[in-house]
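S.K.: Provide a 3D model corresponding to the input given below.
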Amino acid sequence: MKNHLLVIAAFFLSTTIQAQQTRFFSDPDAVFREAREYFQKEQYSLAYPLFRELQQSIRETDKVNAPITVQEITYYGTVCGLKQNEGSSEDEALQYLEAEKNTARVQMMHFHLAEYYFRREKYREALEHYEQTSIDNLGNREIADMKFHKGYSHFTLQQFDAAKPLFNTIRSIKDDPNYIDANYYYGFLAFRDRQYNEALASFKIVENEKNYATVVPYYIAQIYYIQGKKDESISYIQGKLNSGSNTQYYDLELKQLIGHAYFEKKEYAKALPYLESYVDRSAKVRREDLYELSYCYYQANVLNKAIEGFKQLSGKDDSLSQHAMYLLGDAYLKTGNKPNARNAFLFCSANSSNAAQKEISAYQYAKLSYELGYQDEALKGLKDFVNDYPNSEYNAEARELLVGALANTNNYNDAQALLESMSKPTENTKKLYPRILYGRASELINDGRLAEADALLDKALKDPYNSAVLPYLNFWKGELAYRANKLDDAIKYYNAYVNAGSPSNGEANAINAKYNLGYCYLRKENYPVAQTMFEPIGKNPSLSSSAFVQDAYIRTADCYYMQKNYTQAKSMYDNVIKMSWPAEDYATFQLAMLGGVRSATEKINGMNTMIRKFPTSSLVTDANMEIANTYMSNEKFREALPFLGTVVKSDGNASYKPQAILKMGIAYYNIDDNADALKQYKKLVDEYPSSPEAEDALDNIKTIYVEDGKPGEYADFMRQAGRPISVNTEDSLTYSAADNQFDNGNTAAALQGYTDYLQRFPSGAYALDAQFNSAEIYNSKKDFVNALRGYEAVASNAPNKFAERAVLSAARISFFEIKDYNKAEDFYAQLKQITASQENKLEAMRGLLRSQYKLEKWTDAAANAKELTDSKGSSADDKTLANMVIAKSAQIGGLYDVAITNFKSVIQLNKAAMAAEARYETANCWYSLNKLSEAEKAAFETINKSGSYDYWITKAYILLGDIYFKQKDYFNAKATYQSIVENSLDATLKGEAQSKLDKVTDEESRSSKVNGN
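M.R.: Got it, this is the predicted structure:
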């Protein structure tokens, strides 16, 4: 039974297996044929599931028994998957290509995989597989598609040379589905390669096609334009723009093109609306487009719009920029805006593209600079124009303008140099020369360069055309002589000024002349004449009298005093005290001196009153000295001692200290206190060894030692003091030999002699004399370094007979020549302490204030400024510097309103360097307050009224540029900075201007309509 069942099972199994094999080779074959039929009909969605079912039923034995059938199923199934864009099919295809050996099928698979990649926009991968496809296995349709797709892939990858022949193949096959597209792309590439006829032929085929009707007309219009067919281009564009059938993708570009075509035909009115539409609707445009639009506005006399466009075309070196600036300048002139026209011509004149426009613009720039008051720029521009264009039709007019500029300028330094450089000045120019010399001399006086000023005044006095300025020349000659203590010369020139009617011009006026004449006669001790000068000025005194009137009144009292008219003098001094003038301490001092005429007691009481009422007065030391002298005169030596001691300990006039110590020694000697007398004398020799009083002290020391019978101790003392009893004969002879050469005017031999003497006797009896005289010789030769070394040696041993002169010279050299303001400050401070001369004390305070100003020591300077302006004899220059110090201090502290007020005071008082600086700083303060209109006005004032001071003029120009920049007026900002870069000789300011020019150019490029400005 069991065996029977097994046979049945085996039979059944055998039957089943045979049935399955039969289905695979019969039914599957039918399925395969069905699927392949769908495939061939391109019904891939129907074929794909059948091929997938067949693929899934394949067994390993099938691969062995029916490999070709399996291969075909795999091929068609994979291709269907690719056709269906199945992602997994990509890997299957790649596996197929790797495993399969059937060349035809492999090439076909490459084709279908390439097409798959093409549809997925993987063009680089598509091209790799297209390259491995043979057309032998492809149908015509597939070949055409492959060529187009390859061309498109190359095109997309910007491999245009490879794409072009592929498109060319397809574009001629009219029934090809890619015919239109191929013509478009071929036309584009032919256009790119400047094959305009071929491009036009292809574009014409597609111009009305839906996909290209909004794009291709632009290229067709361009081709007409490029081929010189401007009328055809214009007509074609107008037809497309007016048709209304298609909104052109390149609408703006078409308007740009037609506008450009009309522009080239010089039909500017027709060009204008198209160019206007293009520029207005574009974020950025080419410089050429903006130029053409601006030119159309210019031709239509719409100048405000022309200006706005031309402005944005500045700053380049090409012909377009030059033409734009030339027309911009003209447009500004037509609208009456000369300042901006000037800047436009500046840009144009700096451009060499068009020689004629460069010449005309150079002239216009200089002329407008003159008309607008830019005198420094006018002078330079006109001078350059005359030299650069000697044959220009504008040359004669430029020369006339140059004369006018010289007549109106405050730039006396450059004006003088320019005029003196002219080989054949005109008669009118010659007449200006003395006026220029006078103006420059005035500036040098204000700057403290008195020797240079004096030389210019002498030159002007000799000029035959000096009548207009002759009185002022005499006034300033008198002033310089007065300051140099050449009183006879001062009197001569001041009187010449007065006799000419005393015409007023700033400090040159009748009152100042007579006031200074009064001081000249006062110093010459001609008190009656001095009184006639001072008295009219100081008449009608009141509580509110000016410092000038007060001083004249007090000097009148002094004249009465010196003429022994004590009653009148006392009455006037009493009036000073009643009115509580600042000089009340001096009047009290003088009343005490008047009291001394009557009695010593009255004088002493008066001086004590002065000391009590005015304990901080600079005259306290004088008063103590007068009391001591009065006691000494009346042989009240003990009573004199405390007052002399006060003088020695005081911080007042240092020149009194050696005198006081000497008199203390005399007082002690006269009260028989030889020991204390010796102490004072030795102290004097020790502390002031080079003073004249030290010589008297040595004589008195000798007397005491002799009286005390101690000649040996005297000899020891003299040796210790470096003064042996017998003067070395060789020392004396060596010095005398050098000094004789000096007296004979042989300065070279004298200098060598003094040098030899100091080397052999560095502590010799005449060392100070040799050092001082050597310094004087070096100073006369302008060897300021060696001169200063000699003066310093003398100054360090002050007081001595040369000390005051040495310190004064050292201070002047340090400040004016070497410009070591720290040293100058020290020397002027020393001079202030040691001088007994009011003139030198004033100069010391002036120099000290100037040094502190240069060093920006505003706190110290402010205190010194007040002391200087309160001092009698202080001048307008002193008040100028004082106001300047206060202004600078306020400016640094951010108190701009206070600063501006004081800067304006400086401007009223000064006409030279400080006025120039004050004008600039006023503008700078307004700028800091963001009051740009006021800042601009003040900057222009600096430029127009500070002619000889290039530094401050250049700073003002930079500030103007800053103002324009802040106002976003990039055109004028650039022009202003550019003028500095091109014309300034100051490397630092030129660098600053260049940096700011770069910034404004960068900022303008970001906001400009021009692309890549």
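
S.K.: and for residue 278, the neighbour number?
M.R.: Other residues lying near residue 278 total 23 when counted by other C-beta atoms under 10 Å. Any C-beta I mention is one placed from the backbone N, CA and C, and that applies to glycine too.

S.K.: what about the stretch 351-500 of the chain, any weak spots by pLDDT?
M.R.: Scanning the stretch 351-500 of the chain for pLDDT under 70 picks out 403-404, 407, 409.

S.K.: show me what secondary structure element comes after the helix or strand hosting residue 626.
M.R.: Per DSSP states H and E: residue 626 is located in helix 620-633. Heading C-terminal from helix 620-633, the first helix or strand you meet, by DSSP H and E, is helix 637-649.

S.K.: now that next one: buried residues?
M.R.: 637, 639, 640, 641, 643, 644, 646, 647, 648 (16 or more other C-beta atoms under 10 Å).

S.K.: now do stretch 612-626
M.R.: For stretch 612-626, by 16+ other C-beta under 10 Å, it's 614, 617, 619, 620, 621, 622, 623, 624, 625, 626.

S.K.: CA atoms only: put stretch 119-138 into CSV for me.
M.R.: Only the C-alpha atoms of stretch 119-138 are listed here, as CSV (Å, rounded to 0.1, in the frame of the first residue of the first chain):
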residue,chain,number,x,y,z
ARG,A,119,15.1,64.2,-18.2
ARG,A,120,16.5,64.5,-14.7
GLU,A,121,18.6,67.5,-15.8
LYS,A,122,21.8,65.6,-15.0
TYR,A,123,23.4,66.9,-18.2
ARG,A,124,27.0,66.0,-17.5
GLU,A,125,26.1,62.3,-16.7
ALA,A,126,23.8,62.3,-19.8
LEU,A,127,26.7,63.4,-22.0
GLU,A,128,28.9,60.6,-20.7
HIS,A,129,26.4,58.0,-21.8
TYR,A,130,25.5,59.7,-25.1
GLU,A,131,29.1,59.5,-26.0
GLN,A,132,29.0,55.7,-25.6
THR,A,133,25.9,55.3,-27.8
SER,A,134,26.1,54.2,-31.4
ILE,A,135,23.6,55.5,-33.9
ASP,A,136,23.8,52.1,-35.6
ASN,A,137,21.3,50.7,-33.1
LEU,A,138,19.1,53.8,-33.1
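
S.K.: now the helix or strand where residue 361 lies: buried residues?
M.R.: Assigned by DSSP H and E, residue 361 falls within helix 355-372. Within helix 355-372, the residues scored as buried using 16+ other C-beta under 10 Å are 357-370, 372.

S.K.: now do stretch 381-395
M.R.: Using 16+ other C-beta under 10 Å as the test for burial, stretch 381-395 gives 381, 382, 383, 384, 385, 386, 389, 392, 394, 395.

S.K.: list the contacts for the last one?
M.R.: Meaning residue 395. Counting by C-beta atoms under 8 Å, 6 or more residues apart in numbering, residue 395 touches 385, 386, 389.

S.K.: and stretch 197-208, how far out from the chain's middle?
M.R.: In terms of C-alpha atoms, centre = their mean, to the nearest Å, the centre of stretch 197-208 is found 60 Å from the chain centre.

S.K.: how about stretch 30-42?
M.R.: The answer for stretch 30-42 is 88 Å, by C-alpha atoms, centre = their mean.

S.K.: ditto for stretch 570-581
M.R.: When distances are taken as C-alpha atoms, centre = their mean, stretch 570-581 is centred 54 Å away from the chain's centroid.

S.K.: quick one: average pLDDT of that stretch?
M.R.: Mean pLDDT, stretch 570-581: 94.

S.K.: how about stretch 540-558?
M.R.: For stretch 540-558, the per-residue pLDDT averages 92.

S.K.: contacts for it?
M.R.: For stretch 540-558, using C-beta under 8 Å, 6+ apart, the contacting residues are 511, 515, 518-519, 522, 530-531, 534-535, 537-539, 568-569, 572-573, 575-576, 579-583, 586-587, 590, 872-874.

S.K.: cutoff 7 Å now
M.R.: 515, 518, 522, 531, 534-535, 537-538, 569, 572-573, 575-576, 579, 581, 583, 586-587, 872-873 (C-beta atoms under 7 Å, 6 or more residues apart in numbering).

S.K.: list the buried residues in it.
M.R.: By neighbour count with 16+ other C-beta under 10 Å, stretch 540-558 contains the buried residues 541, 545, 547-558.

S.K.: likewise for stretch 34-52?
M.R.: 35, 36, 38, 39, 44, 47, 48, 50, 51, 52.

S.K.: adding secondary structure and distance to residue 776, write the contacts of residue 395 out as CSV.
M.R.: Listed next are the contacts of residue 395 as CSV, based on DSSP: H, G, I helix; E, B strand; the rest coil; distance: C-beta to C-beta, whole Å:
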residue, secondary structure, distance to residue 776
385, helix, 50
386, helix, 47
389, coil, 53
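
S.K.: let's have these in CSV, adding distance to residue 284.
M.R.: Putting the contacts of residue 395 into CSV (distance: C-beta to C-beta, whole Å) gives the following:
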residue, distance to residue 284
385, 38
386, 43
389, 39
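
S.K.: closest one to residue 420 out of these, please.
M.R.: residue 386 (15.5 Å; C-beta to C-beta).

S.K.: quick check, that closest one in contact with residue 398.
M.R.: Yes. Counting by C-beta atoms under 7 Å, residue 386 sits close enough to residue 398 to count as a contact (5.3 Å).

S.K.: PyMOL command for the buried members of the contacts of stretch 540-558?
M.R.: To isolate the buried ones among those in PyMOL, judged by 16+ other C-beta under 10 Å, type:
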select buried, resi 515+518+522+531+534+535+537+538+569+572+573+576+579+581+583+586+587
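
S.K.: which of the contacts of stretch 540-558 fall within helices?
M.R.: 515, 518, 522, 531, 534-535, 537, 569, 572-573, 575-576, 586-587 (DSSP state H).

S.K.: what angle do the helix holding residue 626 and helix 637-649 make?
M.R.: Calculated by axes from the mean of the first three to the mean of the last three C-alpha atoms, to 10 degrees, helix 620-633 forms an angle of 160 degrees with helix 637-649.

S.K.: nearest residue to residue 820 other than its sequence neighbours?
M.R.: residue 814 (4.8 Å; C-beta to C-beta, 6 or more residues apart in numbering).

S.K.: the one you found: neighbour count?
M.R.: Residues near residue 814, counting by other C-beta under 10 Å, number 25.

S.K.: give the contact list for it.
M.R.: By C-beta under 7 Å, 6+ apart, the contact set of residue 814 is 788, 820, 823, 824, 827.

S.K.: would you show me how to pick out the buried ones of those in PyMOL?
M.R.: Buried residues among the contacts of residue 814 (16+ other C-beta under 10 Å), as a PyMOL selection:
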select buried, resi 788+823+824+827
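
S.K.: what's the closest of the contacts of residue 814 to residue 75?
M.R.: The closest of the contacts of residue 814 to residue 75 turns out to be residue 820 (C-beta to C-beta; 100.9 Å).

S.K.: and the closest one, how far from residue 734?
M.R.: For residue 820, the distance to residue 734 equals 33 Å [C-beta to C-beta, to the nearest Å].
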